[in-house]
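> Fold the following, please.
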Amino acid sequence: SDDLNEVCQRLVDEGSPLRWMSFVRASTLKNVDFGLLRQAGCTEVQLGLESADEQVLRNMNKRADPDLYGEVIRKTLAAGINCSSCFVLGFPGETEETVRRTVEFIRGLESEDQEGVFSWSIYPFLLAPLSPIYEFESRKRYGLTGYMQKWKHDTMGSEQAKEFVIKAFFELEDFGPIYSGDNIEMLLALRPEQRKEFAKCRHRLSKLAMKGQLDRQDLIESFTKVFAARL
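Next comes the predicted model:
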């Protein structure tokens, strides 16, 4: 945190015009000056959270605290800095209860009072060769069998994990998935409330598209409403 504060202060002192985003550990942001972080040009922080369940995180060998996750993200958003995070459903030890804990964690971040926008990506667990969980002892510990997209362990199978990912996509309302092709300059030019409305609108339309219910007129009118206030 001290090093990050020093870097941000240097950027401010030098009058840097840069706007930037960064991958960072949640623990690094624990005691950071979020106002200074924004002043230094940070527009988004990207966190690989993976899960909001303590036991699943331990199974991943991640020394992480979901409470710290929530604290850091809320402070980031309150400072007007966007935050994006990746989650994995189905890691050995995952159950319906732990999935619910992660989904409720994301839902709990939704607030109209925060200036920043939170976005997420939720993926099913992948049993990849050369990963620690692929090793014999780990497989034995969790009753893990299979390969890549097809796997099963003591508490879940790959098909169930995929179903949970789709269910989470439809359940979450105010924040939407990460879209790598976004026009960042365009979004940053919007007022905070417009950016949030844009994310919410796009997610609603995406869910309609997945159901085959997307109407072209609804698409046009929805985005026109979001951007009209900018004109």
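
> Residue 151 - that's part of a strand, no?
Yes - counting by DSSP: H, G, I helix; E, B strand; the rest coil, residue 151 is located in a strand.

> Which residues are in contact with it?
Under the criterion of Cβ atoms under 8 Å, 6 or more residues apart in numbering, the contact partners of residue 151 comprise 90, 125, 127, 144-145, 157-158. Placement of C-beta: from N, CA and C, glycine included.

> change it to 10 Å
Residues near residue 151 by Cβ atoms under 10 Å, 6 or more residues apart in numbering: 90, 92, 124-127, 133, 139, 144-145, 157-159, 161.

> ok, how many other residues are close to residue 167?
When neighbours are counted by other Cβ atoms under 10 Å, residue 167 registers 14.

> how much space between it and residue 37?
34 Å (Cβ to Cβ, to the nearest Å).

> Ok, residue 168 next?
Residue 168 sits 29 Å away from residue 37, going by Cβ to Cβ.

> for the helix or strand of the chain with the lowest mean pLDDT, which positions count as buried?
The weakest-scoring helix or strand in the chain, judged by mean pLDDT, DSSP states H and E, is helix 184-188 (a mean of 80). Of the residues in helix 184-188, none count as buried by neighbour count, 16 or more other Cβ atoms under 10 Å.

> Stretch 59-69 now?
59-60, 64, 66, 69.

> and if you look at stretch 158-174?
Here stretch 158-174 shows 158, 160-162, 164-165, 168-169, 172, 174 as buried, counting by 16+ other Cβ under 10 Å.

> Dump the C-alpha coordinates for it into CSV.
This file holds the C-alpha atoms of stretch 158-174, laid out as CSV (Å, rounded to 0.1, in the frame of the first residue of the first chain):
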residue,chain,number,x,y,z
SER,A,158,-18.8,-29.9,-14.6
GLU,A,159,-22.4,-29.9,-15.9
GLN,A,160,-23.7,-28.6,-12.6
ALA,A,161,-21.0,-25.9,-12.5
LYS,A,162,-22.0,-24.7,-15.9
GLU,A,163,-25.7,-24.5,-14.8
PHE,A,164,-24.7,-22.4,-11.8
VAL,A,165,-22.7,-20.0,-14.1
ILE,A,166,-25.8,-19.5,-16.3
LYS,A,167,-28.1,-19.2,-13.3
ALA,A,168,-25.8,-16.5,-11.8
PHE,A,169,-25.8,-14.6,-15.1
PHE,A,170,-29.6,-14.4,-15.0
GLU,A,171,-29.9,-13.7,-11.3
LEU,A,172,-27.5,-10.7,-11.1
GLU,A,173,-29.2,-7.5,-12.1
ASP,A,174,-27.4,-4.2,-11.6
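
> Next, report how far it is displaced from the centre of its chain.
Its chain's C-alpha centre and that of stretch 158-174 lie 14 Å apart, by Cα atoms, centre = their mean, to the nearest Å.

> which one of the contacts of residue 151 sits closest to residue 179?
residue 124 (19.2 Å; Cβ to Cβ).
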